[in-house]
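Visitor: Curious how this folds, go ahead:
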Amino acid sequence: MTSEADEQQAVEHVVDRLRERFPSVVDDRIRAVVDEEHHRFDGRPVRDFVPVLVERAARKRLDAEAEHVDVAPDAAALAAADEVRRADGAEVDPMEVARRADADGGDFLFGDLGGRAS
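Guide: Residues are numbered from 1 along each chain as shown. This next block holds a predicted model:
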């Protein structure tokens, strides 16, 4: 279960990632879109994936409003960070799995379950 503080921190990371992706959009607009999407989930009992859903919805809205800059992660750095986390006994971050699936063109939360050939 996700605490309110953890969720808020994750939403702040969403704002940071969207600032990177949409440098032509002013910070106030990015924060307003993220806040609007976040408040759509007010009162919902299951909160674990709210930051992922907020990021997807905000990104779609901002895509329609502005040009974005593709921010390609450094594959070597990601692999090294994964190894460090696994060595420390950390679990896989579901938000990172979802982001990577989005980057790879997956349509669902944990990759493409629609039967497309990879």
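
Visitor: Isn't Val11 up against Val34?
Guide: Yes. Under the criterion of Cβ atoms under 8 Å, Val11 lies in contact with Val34, with a separation of 6.4 Å. In this view, the C-beta of every residue, glycine as well, is placed from N, C-alpha and C.

Visitor: Give the residues shared as contacts by these two.
Guide: Val54 (Cβ atoms under 8 Å, 6 or more residues apart in numbering).

Visitor: of the two, who's got more company?
Guide: Val34 (23 against 20; other Cβ atoms under 10 Å).

Visitor: and the more buried one, what does it touch?
Guide: 11, 14-15, 18, 54, 58.

Visitor: For the residues you listed, give me CSV that also has secondary structure, distance to Val25 and pLDDT.
Guide: Formatted as CSV, the contacts of Val34 follow (DSSP: H, G, I helix; E, B strand; the rest coil; distance: Cβ to Cβ, whole Å; pLDDT from 0 to 100):
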residue, secondary structure, distance to Val25, pLDDT
Val11, helix, 17, 94
Val14, helix, 14, 95
Val15, helix, 11, 95
Leu18, helix, 8, 94
Val54, helix, 16, 95
Ala58, helix, 11, 95
